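In: Here is my input; please provide its structure:
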Amino acid sequence: MLELALLAAITIVAGILRFYQLGEWSYWIDEIATINRAQLSLWELLVSIQTGFSYVLTNITLSTFGVSEWSARLVPALIGILTIPIAYFPIKAMFEVRTALIAVLLIAISNWHIFWSQSSRFYTSLMLFYFLAMFAFYYGFEKDRLAYILLGLIFSLLAFQERMFSLLIIPVLIVYIILIKWVSFESPKGFNLKNLLPLIFVGLGGLMVVIFDGIRYASSGFSIILNELTWFFARPIDDPFRLGIFIFLNIGVPVVVLAILSGGYLILERSRAGLYLSIGAIVPIILILVANPFMFTEARYVFITLPCWIILAAAGVNAIFSLSHANNKLLAWAVLLILVATSARSHLLYFTVNHGDRYDWETSFNFVENRVEEGDVVVSSRPQIGVYYYAGKILSYQGLTPEKIESDRSRYWFVVDSEKIWDNREMKTWLDENAFISDFQYLRLPEELNLRVYLYEPDS
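Out: Residues are numbered from 1 along each chain as shown. Now for the predicted structure:
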């Protein structure tokens, strides 16, 4: 009874953190893409390859409640909350009650998970399906249950429908199978042809798709796979070290450190669960870092590894509790409280200072709207967002030139963010030399992010 009461309390905490100020934060650019896609007809969504469960549900909420920040984020928030009780029972089956309770508590207060629960994107559903697929495969091998393997394939398909990088589960499974076979671990009783055959068939099916797509490319010059990846290869960010830092900061440095030590401890104890979760935590990140110099990658692409890191950290805390003497568990409580306090600090910045860790476009556009005069021109680096917060016409910053502005003789307002301001380097230099900064927002994040409102007055 106490176990379920604690689980209910943690779920309530998760709900409070995810619904608090859910509709307060301004849209950010990727949310606009979600809203535009989710407003397609249900039939168009259902027949699309890369339209997952979350888009269909968001379509329903937007149709029911209208388009707003709150309605657009309702589905990710609900999935984020439901993740707590859904994830609890698989974690409990893999370890035991205390580890499971600590793990879901850490997920509930994870700032990274809260952010994606409060963003109109697919990441909470992607992470949930990916985690359930990982657990189903693990339990299928452990219990020699083909039904779990097939269930894992279903969850993998649901995750793939959300986003293609859920395919990172393939190298995780391959590395796990190889290490179990070739390192001194006792193989689970489900490591047999009956359970491996479905995975082999799916792998061969995927290989045939790649081969067929390659033949089509050789004959016609068109490839569906390359077409999907073209945008990513056109924008590489050659700094894997920086990306790695952002990944670990998002997971939480105390969680990462404890998870690494706990994973090592469990592997030395010959725990297959420890080995599996360690592989699930590390392999996707290594692959993303290796790909980073050649293609566009972001820390969010390995958000799917968050449960692995958190479960390993929870197992570490539980081990400290178990190894402590009955009357001397202060150290174990101290470790747990450090993890909670670190999250609490992140929450303080997230909710009270950083506007949900995103730009406050609404405030900036309201600032302009309250000061704009007849004949003024408004420009933005994100005009797609501006249409939700400014009633007038907005020009795109990317296509402007200083010559056009100077010849126009009008006052110009610029609402530009630090990420896109460099898309037009000529204009960036010209703004710094010829325009006034009328309003400025600064986000206290590891990345140096700011949102500026410039005013250019030709006669000033």
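In: quick one: residue 221 and residue 9, what's the gap?
Out: In this view, residue 221 and residue 9 are 59 Å apart by CB to CB, to the nearest Å. (C-beta placed from N, C-alpha, C; glycine too.)
In: who's more crowded, these two?
Out: residue 9 (13 against 7; other CB atoms under 10 Å).
In: what pLDDT does the more buried one get?
Out: Predicted confidence (pLDDT) at residue 9: the value is 97.
In: That one belongs to a strand?
Out: No: counting by DSSP: H, G, I helix; E, B strand; the rest coil, residue 9 is not found in a strand; it is helix.
In: Could I get the contacting residues of it?
Out: With CB atoms under 8 Å, 6 or more residues apart in numbering as the criterion, no residue contacts residue 9.
In: ok, now residue 227?
Out: Neighbour list for residue 227: empty [criterion: CB under 8 Å, 6+ apart].
In: ditto for residue 308
Out: 134, 259, 277-278, 280-281.
In: Setting aside sequence neighbours, what's the nearest residue to the most centrally placed residue in the chain?
Out: Geometric centre of the chain, nearest residue: residue 300, 3.9 Å, by CA atoms, centre = their mean. The spatial neighbour of residue 300 that comes closest, neighbours along the chain excluded (CB to CB, 6 or more residues apart in numbering), is residue 123 at 6.5 Å.
In: Counting neighbours, what do you get for the one you found?
Out: If you count neighbours by other CB under 10 Å, residue 123 ends up with 24.
In: Verify the stated contact: it with residue 76.
Out: Yes: the pair residue 123 / residue 76 is scored as a contact, 7.3 Å apart, by CB atoms under 8 Å.
In: quick one: common contacting residues for these two?
Out: Listed as contacting both residue 123 and residue 76 by CB under 8 Å, 6+ apart are residue 116.
In: so where do the strands sit in the protein?
Out: Ranges of strands in the chain, per DSSP state E, are 377-380, 395-396, 412-417, 436-444, 448-456.
In: these two touch, right, residue 226 and residue 217?
Out: Yes: using CB under 8 Å, residue 226 is in contact with residue 217, at 6.7 Å.
In: Comparing those two, which residue is more hemmed in?
Out: Remark: of residue 226 and residue 217, residue 217 carries more neighbours, 15 against 12, as counted by other CB under 10 Å.
In: ok, that one - contacts?
Out: Counting by CB under 8 Å, 6+ apart, residue 217 has contacts 223, 226.
In: From the recorded domain assignment, give the ranges for the chain.
Out: 2-191+235-352, 361-456 (automatic domain parsing).
In: ends of the last one, how far apart?
Out: Pointing back at domain 361-456 there. Terminal residues of domain 361-456 are spaced 19 Å apart (CA to CA, to the nearest Å).
In: Same question for the longest one.
Out: End-to-end span of domain 2-191+235-352 (CA to CA): 34 Å.
In: if we can go back for a sec, which of the strands of the chain sits closest to residue 17?
Out: Closest of the strands of the chain to residue 17 is strand 436-444, at 19.2 Å (criterion: CB to CB).
In: Please name the strands paired to that closest one in the sheet, noting orientation.
Out: With DSSP bridges as the test, strand 436-444 is paired with strand 448-456 (antiparallel).
In: quick one, the strand it pairs with and strand 412-417 angle?
Out: Computed by axes from the mean of the first three to the mean of the last three CA atoms, to 10 degrees, the angle separating strand 448-456 from strand 412-417 equals 180 degrees.
In: Run through who's touching strand 448-456.
Out: Strand 448-456 has contacts (CB under 8 Å, 6+ apart) with 359-361, 364, 367-368, 405, 411-419, 421, 431, 434-443.
In: How far does it sit from its chain's centre?
Out: Centre-to-centre, strand 448-456 and its host chain are 26 Å apart (CA atoms, centre = their mean, to the nearest Å).
In: That one: which residues count as buried?
Out: Within strand 448-456, the residues scored as buried using 16 or more other CB atoms under 10 Å are 449, 451-456.
In: picking up where we left off before, out of the domains of the chain, deepest packed?
Out: Per-stretch averages of neighbours, counted by mean count of other CB atoms under 10 Å, single out domain 2-191+235-352 among those, with a mean of 19.
In: How far off centre is that one?
Out: With CA atoms, centre = their mean, you get 9 Å for domain 2-191+235-352.
In: Surely residue 438 is in contact with residue 364?
Out: No: between residue 438 and residue 364 there is no contact under CB under 8 Å: 9.7 Å.
In: Count the neighbours of residue 357 for me.
Out: Residue 357: 23 surrounding residues under other CB under 10 Å.
In: For it, report the pLDDT, please.
Out: What the model reports for residue 357 is a pLDDT of 95.
In: Can you name the residues that contact it?
Out: If a contact means CB under 8 Å, 6+ apart, then residue 357 has 115, 349-350, 443, 445 as its contacts.
In: before we move on, what about residue 202?
Out: residue 153.
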